[in-house]
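> next input, structure requested:
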Amino acid sequence: MSFDPNREYFLDGKMPNMVEEEGYEPPTIGNFRLNKMLHICQMLHYAKYGEPLFLEDLRAYYHGAIVYPIYRDFFSFYRQTPTTKEVSIDKEKKKLISKIYYYFKNYSDDYLETFSHDDPA
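Below you'll find the model as predicted:
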């Protein structure tokens, strides 16, 4: 499922004004946004259903949580040609993910970071 087949939102550009942590290179804009969206999806899915959307751990960093395998392999995913092949996700989860993406995609990166930092977990 791809909401950004033309890579207009999850683009491959450097994040402005990112603080570099020891042993952690700041992500690109696309990697940052993808991880913020995943974190927000995880938060809201858990709030609604009482269970996680996905099983990968979120790691805490200065700019918020990341799903480390996504952070690490972002460029591999980014370089893949988008396909119309559907991933096996149930209808309710797809609907929730779609709502979250379209609601949050127009917010600034700073807002996404602030919103994800409000996660009590």
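
> show me what contacts residue 39?
58, 64-67, 116, 119 (C-beta atoms under 8 Å, 6 or more residues apart in numbering). Quick note: C-beta positions are derived from backbone N, CA and C, even for glycine.

> check which helix or strand covers it.
helix 29-49 (DSSP states H and E).

> next SSE downstream of that helix?
strand 58-59.

> which residues sit against that next one?
With C-beta under 8 Å, 6+ apart as the criterion, strand 58-59 contacts 39, 42, 65-68, 121.

> related to what we said a few turns ago, which of the contacts of residue 39 tops the neighbour count?
Within the contacts of residue 39, residue 66 tops the neighbour count with 26 neighbours, counted by other C-beta atoms under 10 Å.

> list the contacts of that one.
Residue 66 sits in contact with 27, 35, 39, 58-59, where contact means C-beta under 8 Å, 6+ apart.

> can you tell me which two in those are farthest apart?
Pairwise distances across those peak at 14.1 Å for 27 and 58 (criterion: C-beta to C-beta).

> quick one: distance of the helix holding residue 39 to the chain centre.
Distance, stretch centre to chain centre, for helix 29-49: 5 Å (C-alpha atoms, centre = their mean, to the nearest Å).

> in that helix, what's buried?
Across helix 29-49, burial judged by 16 or more other C-beta atoms under 10 Å covers 29-45.

> next, the buried residues of the lowest-mean-pLDDT helix or strand in the chain.
When the helices and strands of the chain are scored by mean pLDDT, DSSP states H and E, helix 68-79 comes last with a mean of 84. Buried residues in helix 68-79, counting neighbours by 16+ other C-beta under 10 Å, are found at 70-71, 74.

> what's the angle between the helix or strand following it and helix 29-49?
Helices and strands here follow DSSP H and E; after helix 68-79, the next one along the chain is helix 91-104. Interaxial angle of helix 91-104 relative to helix 29-49 (axes from the mean of the first three to the mean of the last three C-alpha atoms, to 10 degrees): 130 degrees.

> much appreciated, bye for now.
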